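Novice: What follows is a predicted structure for the sequence shown.
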Amino acid sequence: PIPLPLLSLQIFINNEWHESTSGKKFPTYNPSTLEKICDIEEGDKPDVDNAVEAAKAAFQRGSPWRQMDALSRGRLLHKLADLLERDRVILATLETMDTGKPFLQAYFIDLEGCIKTLRYYAGWADKIQGRTIPVDENFVCFTRHEPMGVCGAITPWNFPLLMLVWKMAPALCCGNTLVIKPAEQTPLTALYIGSLIKEVGFPPGVVNIVPGYGPTAGAAISTHHSIDKIAFTGSTKVGKLIKEAASKSNLKRVTLELGGKNPCIVCADADLDLAVECAHQGVFFNQGQCCTAASRVFVEEQIYPEFVKRSVEYAKKRFVGDPFDARTEQGPQIDQKQFDKILELIESGKKEGAKLECGGLAIEDRGLFIKPTVFSEVTDNMRIAKEEIFGPVQPIMKFKSIEEVIRRANSTEYGLTAAVFTKNLDRALTLASALQSGTVWINCYNALYAQAPFGGFKMSGNGRELGEYALAEYTEVKTVTIKLSQKSP
Amino acid sequence: MKKQGSDSNPAPVLPALPEPLKDLKIKYTKIFINNEWHDSISGKKFEVFNPANEEKICEVEEGDKADIDKAVKAARKAFELGSPWRTMDASERGRLLNKLADLVERDRLILATMEAIDGGKLFSTAYLMDLGACIKTLRYCAGWADKIHGRTVPMDGNFFTYTRHEPIGVCGQIIPWNFPLVMFIWKIAPALCCGNTVVVKPAEQTPLTALYMGSLIKEAGFPPGVVNIVPGFGPTAGAAISHHMDIDKVAFTGSTEVGKLIKEAAGKSNLKRVTLELGGKSPNIIFADADLDTAVEFAHIGLFYHQGQCCVAGSRIFVEEPIYDEFVRRSVERAKKYTLGNPLLPSVQQGPQIDKEQFQKILELIESGKKEGAKLECGGGPWGDKGYFIQPTVFSNVTDDMRIAKEEIFGPVQQIMKFKTTDEVIKRANNTTYGLAAAVFTKDIDKALTFAAALQAGTVWVNCYSAISAQCPFGGFKMSGNGREL
C-alpha cells in the first residue's frame, strides 16, 4: 500500500498545488475492494480558468518556454521519461489501485508505453520542420510549423496515464502548454505526474492538471475561449458534445479518439491457435475496456465450430481476481455504471437469441467482477453486435465470403481498428485496403507503438495520435511570403 | 567565442568551464575491432604529437590494408540479416545513441583535455563548443532512429507499393584533424541511427579521442562489430577504405584534393556511395548599412576560429567601398589583441597550427601575399620558438587574382577586399570552384534574401557567421562537397 502523504491530491497549476475554488472535494475508489482511496480537490470552471491563465502566460512570446531551444524541450521530455522509469513501481501501483487493472499489466504495458512514447516525442522536438516553397513570380515563400497554444486534454479512465502521455508528449514536443482534466474515476497517476513535471524542471504553467467531472470541468475546457485546441479520448457520445462545444465557442481545433466495435476477421487458412489467442486477448484485455476491443469476431464458416470451442476453453481459463495477484489476468470493471451496462448488454444477448457458451454473469455478490463471457451464433442485428460493450464479452459470428465480411465489417459508424488472420498475401492486403479502419492488424492484435499513427475512421474519431502524424495535430502552419525586387530562381 | 548563432536564446546553455585535467593518461592506443583492442597486423606503430610543444604524446598502433580488411569483416558480420544490430528495434538504436551521449557528458573533461592536447585546440573551446556539439548531435540523431519513414505510393494498376528506407550497409568514414571528435560524431551518429555499421579511420595527427570513443561505444552496449576504429595514414588505411570492394559507402571530410581521389577510387572499385565535406574559400560580404561592430566581430571569429583551420573559414571578406577603411582599421585592432601559447591555459586565445606541413604551407601563402602586392596590416610570420604558432595576420587591398584570394589557406590569415555593387560582388563571390558557406551583413531585407538565393553555397548566413547546429543540413555546392551532413 502507498502511504497517503506520497499521493498528490490537489489541483496542479503553475507547478504549485492548489485547493479547489469551491472548497469541494470528491472521492476516488478502488474498484477491486470498493473502498475509498482518498479525496481529491474537485476542479470546476473557476479552476479551469485559473489553469488556462497560467497556461496562457507560459505561452506568451518571450516566456521561458517559448524561448527554450527545441532540443532542450526534448531533453525535458527525456528526463520525464527517466523519472517515470525511476518511479515505475509507484505509478503502476497507483494505476492498479485506481483502475483495477492487473498490476503486472500496468507495470509492463501501460508504463512501458508511457516511457517509450515520451522518448519518441523527445526525439521529435527539434525536428518540427517547415518547408520552402517555390511560388510564382518574385516571392520567397516558406512555412513555419508553430505550436498551437494552450491545449486542453480530457483523458479517460481505461488507460489513465498512457492516454495522458499520448497527449502530453506531442503537445509539449511541439511547444504548446496544457490544461489536463483526468477522468474523475482515475485522477491519481495524472496528479503524480504533476510532481514529476515540476521535478524535471518544466517552467511553471506549461502543464496544469485540474481533476474534476466532465459536465463541469470538462465542459469548461471544451467551451473555453482561450483554449486553442482540445484533445479528448472517451465515448463517441461525449466526443460529439465536445466538438459541438468547440464550434460554438471559439472554433478551437479538435482531435477525438472515441469508441469502436472492431471487427476481427479469421479466415479458414489462418494459424488457428494464433487467431484464437489474439482474438481472446483482443477482446478481454483490460477487462474488455479498450477502444480497440475485438468485439465482433467474424470466423469463416469452415473453422467456426473449432474456433468457438477453443475460444471458450481460453475464456474459461482466464484468471479473474485481485489485481495485485501475479496470476490475475482480469480485474474488476471500473465502476457500478459500467458494470450495470455490461450486464444489461449480456442479458440482451441472451434475450435476442445468441448462444451463451460460458460466463454471462457477475462473479461474486459484492464487487465489480464479471465472468469472461462468450456468445456464439451472434447475428449482426443483435445489440451485442452493434453497441460497444466495454466489458469481458466476446461475440463470435460466422461468414462465408470475403466480399460479405468486408461489407458486414464496415457496416457500422465506428472505424477504429480491425484485424485479419490469414496466411494468404492477396487476401491480407485486399482486406487491409478494404476495411474502413484507422488501424488494420494482420496476424496480430493490439500491436501499438509510439511510431505508428493511431486513430479512427468515421465516428471513431477525428485526427491521429502517435507517430509523426500527431505533430500535425499540435502545430499551426504559418506561411511567410516575402517580396523581392527581382525573381529569384 | 560563440560558434553557435547569436543571443536569441537566453536559456543558459554553456556549463561552467573547469580546469583541464593534469597528467591525462592515454589509455587507448590500439585498433578497435569487434569491441576489442588489437595490435596492428604489421606490428607497426606511429607517433602522435602535441603541436603546442612538438613533443610526442604517445604511440598508436598503425592500421593498414590488412587491418581495414579485418575491420570490414567484423562490420559486415554485424550487419548480417538476423544479427543483434539488424534485429534491434529502431527505438533501441536511439537509446544506445542517447546512452553514448550520456557517457560523453560524463567524460567531457577527459575528452576535452585530450582534444586540446592532441589537436592544439583551445581547451575552453574544446570543452564548451566541440564537446557541446558532440553531445547535441548524438542526441539529435538518437531521436531520428525510429523515424526513418518510407512511404506508400498509389501506383497505377492493381498493385500495392511502398518504400522502405534501409541502411546502406558497411560505411567507411575518414575523419579530419581540425575537429576530430565533432567530425567523428557527425559521421557515426547518422550512420548508426539509420542502422549501418562503420569502419572509422581518424586522422593520423589526431587519433586519440576517436580511440577513447571506442571504449565508450563498448560501455554503452553497441554490439561488437557495429563500430570499428582503425587509426592509420591516408595513402594506406584511407586508400584501403576508398578502394574496398566490401564497403558500401565512404564518407570523407578533408581537402578537395583528397576528396577527388576518394570519389575516383569509389568509382573504380565497387561504385560505393560517396559523401564528401571538402574545402572552402567562403565569401563574407559586408554592406555599408550593416551593423559595423557586429560585422567586424563575426568576420574576425569567422576567420580566426581554431587558428583558421575551418572548412567554413570566411577567408574572402568583401567590404562595400564606403566603409572599407574603417572596417580594415577595426579588424586589425581586433586581430592584434591576441595571446598565443599553451592551449590548455584559460588566458590563451590562439593555439598552434596542427603540424609542420600546415605550418609551412600557411607561411608560404603569407609570403605570396606580400609578394603579389597585398598590404600586410599586421602579423605575417611565425611566433615563438617551439610549436607551430603563427601570428594573427591581416591583409588588405587584396585582389581576386592573388593566391591568398583563391587558395584555401587554413591558417590565421584574413583577406579583406573592396566591392562597389551587388551584382559585382555576387559574381566575384561565386567565382570559385568552392561553395561551402557564405555570409552577408546588411539590414536590408531585399539584399539579404537576394544573396540567400544568389550565392552558390551550401549554407548562407545572414548577419552572423558559423551558426551551425545539429538540426540544420550542412554541406557544399560545387567542389566543396557532395551530399549533406546534419
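Specialist: Great, that's in hand.
Novice: okay, now A:K337: neighbour count?
Specialist: Neighbour count of A:K337, defined by other C-beta atoms under 10 Å in any protein chain shown: 10. C-beta coordinates here come from the backbone N, C-alpha and C atoms, glycine included.
Novice: name the element it belongs to?
Specialist: Element membership for A:K337 (DSSP states H and E) is helix A:336-351.
Novice: What lies in contact with the next helix or strand after that helix?
Specialist: Next helix or strand after helix A:336-351 toward the C-terminus (DSSP H and E): strand A:355-358. Applying C-beta atoms under 8 Å, 6 or more residues apart in numbering or on different chains, the contact partners of strand A:355-358 are A:308, A:311-312, A:315-316, A:349-350, A:371-377.
Novice: For the helix holding A:K337, enumerate the helices and strands it packs against.
Specialist: Under the contact criterion of 3 or more C-beta pairs under 8 Å, 6 or more residues apart in numbering or on different chains; DSSP states H and E, helix A:336-351 touches helix A:383-386, strand A:393-399.
Novice: and the angle from it to strand A:393-399?
Specialist: Relative orientation of helix A:336-351 versus strand A:393-399 (axes from the mean of the first three to the mean of the last three C-alpha atoms, to 10 degrees): 40 degrees.
Novice: Measure how far helix A:336-351 is from the centre of its chain, please.
Specialist: Centre-to-centre, helix A:336-351 and its host chain are 23 Å apart (C-alpha atoms, centre = their mean, to the nearest Å).
Novice: buried sites along it?
Specialist: A:Q338, A:F339, A:K341, A:I342, A:L343, A:L345, A:I346, A:G349 (16 or more other C-beta atoms under 10 Å in any protein chain shown).
Novice: same question, stretch A:131-142
Specialist: By neighbour count with 16+ other C-beta under 10 Å, stretch A:131-142 contains the buried residues A:F139, A:V140.
Novice: ends of that stretch, how far apart?
Specialist: Using C-alpha to C-alpha, to the nearest Å, the end-to-end distance of stretch A:131-142 comes to 6 Å.
Novice: Stretch A:34-45 now?
Specialist: Termini of stretch A:34-45 sit 29 Å apart (C-alpha to C-alpha).
Novice: Save the buried residues of helix A:336-351 as TSV, and put in pLDDT too.
Specialist: Shown next, in TSV, are the buried residues of helix A:336-351 (pLDDT from 0 to 100):
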residue	pLDDT
A:Q338	97
A:F339	97
A:K341	98
A:I342	98
A:L343	97
A:L345	98
A:I346	98
A:G349	97
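Novice: Closest one of those to B:P322?
Specialist: A:Q338 (79.4 Å; C-beta to C-beta).
Novice: my read: that closest one touches A:G391, true?
Specialist: Yes. A:Q338 lies in contact with A:G391 (C-beta atoms under 8 Å); the separation is 7.1 Å.
Novice: overlap in contacts of the two?
Specialist: A:Q289.
Novice: residues contacting residue 235?
Specialist: Looking at chain A here, since you left the chain open. The neighbours of A:S235, taking C-beta under 8 Å, 6+ apart as the test, are A:L258, A:G259, A:E388.
Novice: try chain B instead
Specialist: Going by C-beta under 8 Å, 6+ apart, B:P235 touches no other residue.
Novice: pLDDT value on it, please?
Specialist: B:P235 carries a pLDDT score of 97 in this model.
Novice: which stretch of helix or strand covers the residue of the stretch 51-200 of chain A found nearest chain B?
Specialist: Evaluated by C-beta to the nearest C-beta, the stretch 51-200 of chain A has A:G123 as its residue closest to chain B, separated by 2.3 Å. According to DSSP H and E, A:G123 maps onto helix A:111-124.
Novice: tell me how far that helix is from the chain's mean position?
Specialist: Distance, stretch centre to chain centre, for helix A:111-124: 15 Å (C-alpha atoms, centre = their mean).
Novice: B:D156 - how many residues pack around it?
Specialist: Using other C-beta under 10 Å, B:D156 is surrounded by 6 other residues.
Novice: ditto for B:H306
Specialist: Neighbours of B:H306 under the rule other C-beta under 10 Å: 24.
Novice: Equivalent analysis for the one 5 residues further on, please.
Specialist: When neighbours are counted by other C-beta under 10 Å, B:C311 registers 26.
Novice: check contacts around the residue in chain B that chain A sits nearest to.
Specialist: With C-beta to the nearest C-beta as the measure, B:G143 is the residue of chain B nearest to chain A, at 2.3 Å. Contact analysis of B:G143 by C-beta under 8 Å, 6+ apart lists A:G74, A:A122, A:G123, A:W124, A:A125, A:D126, A:K127, B:G94.
Novice: and if we set it to 6 Å?
Specialist: B:G143 is in contact with A:G123, counting by C-beta atoms under 6 Å, 6 or more residues apart in numbering or on different chains.
Novice: Secondary structure class of it, three-state.
Specialist: Secondary structure, DSSP: H, G, I helix; E, B strand; the rest coil: B:G143 is helix.
Novice: And the pLDDT for it?
Specialist: Per-residue pLDDT puts B:G143 at 96.
Novice: Quick one: residues contacting A:M459.
Specialist: Counted by C-beta under 6 Å, 6+ apart, A:M459 has contacts A:T236, A:E413.
Novice: wait, is it part of a helix?
Specialist: Yes. According to three-state DSSP, the state of A:M459 is that of a helix.
Novice: Please parse the chain into its domains.
Specialist: Here I'm looking at chain A. Annotated domains of chain A cover A:11-258+A:460-478, A:263-442 [the TED database].
Novice: that answer is for a different chain, and I need it for chain B
Specialist: Under the assignment the TED database, the domains of chain B span B:31-149+B:166-277, B:283-470.
Novice: quick one: which of the ones you listed is nearest A:R61?
Specialist: With C-beta to C-beta as the criterion, A:R61 lies closest to domain B:283-470 of the domains of chain B, at 20.8 Å.
Novice: Kindly check the end-to-end length of the closest one for me.
Specialist: Distance between the two ends of domain B:283-470: 23 Å, counting by C-alpha to C-alpha.
Novice: Now B:G280. Nearest residue, chain neighbours left out?
Specialist: B:L436 (3.3 Å; C-beta to C-beta, 6 or more residues apart in numbering or on different chains).
Novice: so that neighbour touches B:N482, yeah?
Specialist: No. If you go by C-beta atoms under 6 Å, B:L436 and B:N482 don't touch, sitting 12.0 Å apart.
Novice: Neighbour count: those two, which is higher?
Specialist: B:L436 (28 against 18).
Novice: how far away is that one from B:M479?
Specialist: Computed as C-beta to C-beta, to the nearest Å, the B:L436 to B:M479 distance reads 9 Å.
Novice: What segments of the stretch 101-250 of chain A are strands?
Specialist: Assigned by DSSP state E, counting those that start in this stretch, the strands in the stretch 101-250 of chain A fall at A:132-133, A:139-147, A:150-154, A:177-181, A:207-209, A:229-233.
Novice: Tell me the residues of the stretch 301-450 of chain B that contact chain A?
Specialist: Residues of the stretch 301-450 of chain B lying near chain A by C-beta under 6 Å from any C-beta of the partner chain: B:D446, B:L449.
Novice: quick one: the strands in the stretch 301-450 of chain B?
Specialist: Using DSSP E, counting those that start in this stretch, the strands of the stretch 301-450 of chain B run over residues B:316-320, B:375-378, B:382-383, B:389-390, B:393-396, B:413-419, B:437-441.
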